[in-house]
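Participant: Any chance you can model this:
(chains A and B)
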There are 2 protein chains.
Amino acid sequence: MSESKALPVAGIELGGTKTVVAWGLSDGTIHEEHRFPTTRPEETFATATAWLRERGTPAGIGVGAFGPVRVNPAAPDFGSLLATPKDGWQGFSITGALAAAFPGVPLTLDTDVNAALWGEVALGAAQGATDAAYITIGTGIGAGILSGGRLVHGAVHPEFGHFKVARAPGDSFAGLCPFHGDCLEGLASGPAIAARWGKAAADLPADHPAWDMEAWYLAHGILALLAIVSPSKVIVGGGVSQSAGLHAKIAACLEKITAGYFGEGDFTDLVVPPALEQEAGIRGALLLASNH
Amino acid sequence: MSESKALPVAGIELGGTKTVVAWGLSDGTIHEEHRFPTTRPEETFATATAWLRERGTPAGIGVGAFGPVRVNPAAPDFGSLLATPKDGWQGFSITGALAAAFPGVPLTLDTDVNAALWGEVALGAAQGATDAAYITIGTGIGAGILSGGRLVHGAVHPEFGHFKVARAPGDSFAGLCPFHGDCLEGLASGPAIAARWGKAAADLPADHPAWDMEAWYLAHGILALLAIVSPSKVIVGGGVSQSAGLHAKIAACLEKITAGYFGEGDFTDLVVPPALEQEAGIRGALLLASNH
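Facilitator: This next block holds a predicted model:
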């Protein structure tokens, strides 16, 4: 079925540190992929488009990009990077670069986290969900959100990591966010964990108290999601999420702080790791390619 | 234009303490309305349907109901009240009562806050917005949310008041929520204000420190909305919101805590009172009546 309908498409996952390009099908199948460091925008897109052009002309291109990026097709600066500290990227037009390389090929652009969520909804841990979220915890904290079967874009752009949550008992760490200090990202990103405990997150053993505190903050972030968009599945991914047992700790904390109010369901079934692991974003980008 | 297309419809705003029924048009025009106390469900619906039947058979019925209520038409208990402490209402079927009184008449059911938001989007303070929220602050705190032009329902039901926000400096009030103590509703509802300051909210002068603290909590709740669904308009209504200057205080606090991260816009333009005042919910219900 899907083979007869799926089109040859290109996917681009543009991350802050690495970029992935893939040649595959609009059903999310990857035929070939290429990973390389994200450098300056012109160079990054030259590498991506040269690699893709060797493979042919795709029927569509799907992009999941780091942000903030303008994803509203009606906006005059659609496809451009907004205020990013990343050198050379502010104002760069992703859609412009791709239209020059592949004139006339339809393009679908979304955030990296929405692309990853889209992959997980179609093929991974959130299959069948109409309301779901994909939270990534690494250098920063972000989330893609699906509401009523559609990816949430909002009027400007959601920035999940940048709201304030209740402090974990005994935590007096000031927080690392240059804008907000102790917003969720400022308290619970990878660099925040490292700064608080004096050791990289990857080097902290699973029974270190750092992980109970991390679970507290993520559970409080997810509680806000439950209160505002009521997802049936919350995928927690990103490098920091790979600590053994973290998802179970988050679920246990969530069960405690919701106190039965958001249903008696099993929160270990709500808070799950990505099923597509590192491929969620690029497979989501291929799936988005047929979405224009 | 609208007169030639608008149909005669019925609207019902079912509140925890009062019910409003209206006869009007599907463009939100009210011809006649009737307000009465919400008592037990059978009696309340007998009053509502008798009043409506005297006016004719509507082309559609729109209902905005207090909750939690099942608004997903695909659910087996669609139209029923869920776990509510309100005497006699748990398990009552709104759709069943209306189908018995008006067989064959199409029914659209949503939450009271979504109905009020729908009214404000069509005719009030959020006209033209595709992403907006309506927060009501009274006995409890709730919100209706519009994302990408559609009302958010979620997998279970959003319960905006029941997530935890950062404590206001110096506030040690335990909070009133029977489930969560110091969730947003537990700290900032009308009864919470009264319990903290020993005086009803309506009796606290506009320059009382209670309102700075109230603005803090509401601004932090709105910050979570910005981070998760990115609305361009946040309407703050309900009895407690009527304190003079509260919207400006919330906007000022929000400007401070966002620290330029969510755009340099004027937050006094983001945080506004309802333009339809007490009529938002019932006009929204009339508008919903044509939405089946």
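
Participant: all strands of chain A, in order?
Facilitator: A:8-14, A:18-25, A:30-37, A:61-65, A:107-111, A:132-137, A:141-147, A:150-151, A:233-237, A:271-272 (DSSP state E).

Participant: I'd guessed residue A:211 sits against residue A:201; true?
Facilitator: No - judged on CB atoms under 8 Å, residue A:211 makes no contact with residue A:201 at a distance of 9.1 Å. (Glycine included, C-beta is placed from N, CA and C.)

Participant: For those two, list the residues in contact with both.
Facilitator: Listed as contacting both residue A:211 and residue A:201 by CB atoms under 8 Å, 6 or more residues apart in numbering or on different chains are residue A:243.

Participant: Looking at these two now, which is surrounded by more residues?
Facilitator: Ranked by neighbour count (other CB atoms under 10 Å in any protein chain shown), residue A:211 and residue A:201 place residue A:201 first, with 24 against 21.

Participant: Who are the contact partners of the more buried one?
Facilitator: Contacts for residue A:201 (CB under 8 Å, 6+ apart) come out as A:190, A:193, A:194, A:210, A:239, A:240, A:243.

Participant: out of these, what pair is the most spread apart?
Facilitator: By the measure CB to CB, A:210 and A:239 form the most distant pair in the contacts of residue A:201, at 14.5 Å.

Participant: which one of these two has more residues nearby?
Facilitator: residue A:210 (18 against 13).

Participant: How much space separates the more buried one from residue A:173?
Facilitator: 11 Å (CB to CB, to the nearest Å).

Participant: what does the stretch 101-250 of chain A have sitting close to chain B?
Facilitator: A:129-131, A:143, A:145, A:147-148, A:150, A:152-167, A:179-180, A:182, A:220, A:223-232 (CB under 8 Å from any CB of the partner chain).

Participant: which of those residues count as buried?
Facilitator: Applying 16 or more other CB atoms under 10 Å in any protein chain shown to these, the neighbour count classes A:129-131, A:143, A:145, A:147-148, A:152-167, A:180, A:182, A:220, A:223-232 as buried.

Participant: how many other residues sit next to residue A:18?
Facilitator: A count of nearby residues for residue A:18, using other CB under 10 Å, gives 12.

Participant: how about it, what does it touch?
Facilitator: Residue A:18 touches A:35, A:36, A:37, A:38, counting by CB under 8 Å, 6+ apart.

Participant: Now, of these, which are buried?
Facilitator: By 16+ other CB under 10 Å, these give residue A:38 as buried.

Participant: Please narrow the residues of the stretch 101-250 of chain A next to chain B to those residing in helices.
Facilitator: Among these, the members falling in helices are A:220, A:223, A:224, A:225, A:226, A:227, A:228 (criterion: DSSP state H).

Participant: Could you export the strands of chain A as JSON lines, including mean pLDDT?
Facilitator: Below are those laid out as JSON lines (pLDDT from 0 to 100):
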{"stretch": "strand A:8-14", "mean pLDDT": "98"}
{"stretch": "strand A:18-25", "mean pLDDT": "97"}
{"stretch": "strand A:30-37", "mean pLDDT": "98"}
{"stretch": "strand A:61-65", "mean pLDDT": "97"}
{"stretch": "strand A:107-111", "mean pLDDT": "96"}
{"stretch": "strand A:132-137", "mean pLDDT": "97"}
{"stretch": "strand A:141-147", "mean pLDDT": "97"}
{"stretch": "strand A:150-151", "mean pLDDT": "97"}
{"stretch": "strand A:233-237", "mean pLDDT": "98"}
{"stretch": "strand A:271-272", "mean pLDDT": "98"}
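
Participant: would a markdown table of those with distance to residue A:101 be doable?
Facilitator: Output for the strands of chain A, formatted as a markdown table (distance: least, CB to CB, whole Å):
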| stretch | distance to residue A:101 |
| --- | --- |
| strand A:8-14 | 10 |
| strand A:18-25 | 12 |
| strand A:30-37 | 15 |
| strand A:61-65 | 9 |
| strand A:107-111 | 11 |
| strand A:132-137 | 28 |
| strand A:141-147 | 26 |
| strand A:150-151 | 25 |
| strand A:233-237 | 30 |
| strand A:271-272 | 37 |
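
Participant: care to break chain A down by domain?
Facilitator: According to automatic domain parsing, chain A comprises the domains A:3-114+A:279-291, A:125-274.

Participant: ok, and the helix or strand in chain A with the lowest average confidence?
Facilitator: The least trusted helix or strand in chain A, going by mean pLDDT, DSSP states H and E, turns out to be helix A:2-5, with a mean of 56.

Participant: Next up, the contacts around the residue in the stretch 51-200 of chain A positioned nearest to chain B.
Facilitator: Distances between the stretch 51-200 of chain A and chain B by CB to the nearest CB are smallest at residue A:154, namely 2.4 Å. Shown in contact with residue A:154 (CB under 8 Å, 6+ apart): B:131, B:147, B:229, B:230, B:231.

Participant: pLDDT score for it?
Facilitator: For residue A:154, the pLDDT comes out at 94.

Participant: Which phi and psi values does it adopt?
Facilitator: Note on residue A:154: its backbone torsions stand at phi 80, psi 180 [degrees, to the nearest 10].

Participant: and what of the one 4 residues further on?
Facilitator: Dihedral angles phi and psi of residue A:158 (degrees, to the nearest 10) take the values phi -70, psi 140.

Participant: That one and residue B:251, how far apart?
Facilitator: Counting by CB to CB, the gap from residue A:158 to residue B:251 is 20 Å.

Participant: swap in residue A:282?
Facilitator: 41 Å.

Participant: Quick one: neighbours of residue A:55, just the number.
Facilitator: Quick note: residue A:55 (other CB under 10 Å) scores 16 neighbours.

Participant: same deal with residue A:77?
Facilitator: 13.

Participant: Below-threshold pLDDT in chain A: ranges please.
Facilitator: Along chain A, segments meeting pLDDT under 70 span A:1-4, A:264, A:292.

Participant: picking that back up, ChimeraX command for the buried members of the contacts of residue A:201?
Facilitator: Buried members of these, defined by 16+ other CB under 10 Å, are picked up in ChimeraX with:
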select /A:190,193,194,210,240,243
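
Participant: Serialize the contacts of residue A:201 to TSV and add fields for distance to residue A:50.
Facilitator: Formatted as TSV, the contacts of residue A:201 follow (distance: CB to CB, whole Å):
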residue	distance to residue A:50
A:190	32
A:193	38
A:194	37
A:210	43
A:239	29
A:240	33
A:243	38
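
Participant: who's in contact with the residue nearest the centre of chain A?
Facilitator: The centroid of chain A falls nearest to residue A:113 when counting by CA atoms, centre = their mean (2.1 Å). Applying CB under 8 Å, 6+ apart, we find residue A:113 in contact with A:64, A:134, A:135, A:136, A:142, A:143, A:144, A:160.

Participant: now with 7 Å?
Facilitator: A:134, A:136, A:142, A:143, A:144 (CB atoms under 7 Å, 6 or more residues apart in numbering or on different chains).

Participant: Give me the neighbour count for the closest residue in space to residue A:286 that isn't next to it in sequence.
Facilitator: Spatial nearest neighbour of residue A:286, chain neighbours left out: residue A:11 (3.9 Å); criterion: CB to CB, 6 or more residues apart in numbering or on different chains. For residue A:11, the neighbour count with other CB under 10 Å is 33.

Participant: I figured residue A:11 was touching residue A:62, is that so?
Facilitator: Yes - with contacts counted by CB atoms under 7 Å, residue A:11 reaches residue A:62, the gap being 5.0 Å.

Participant: shared neighbours, the two?
Facilitator: Shared contacts of residue A:11 and residue A:62, defined by CB under 7 Å, 6+ apart, comprise A:285, A:286, A:289.
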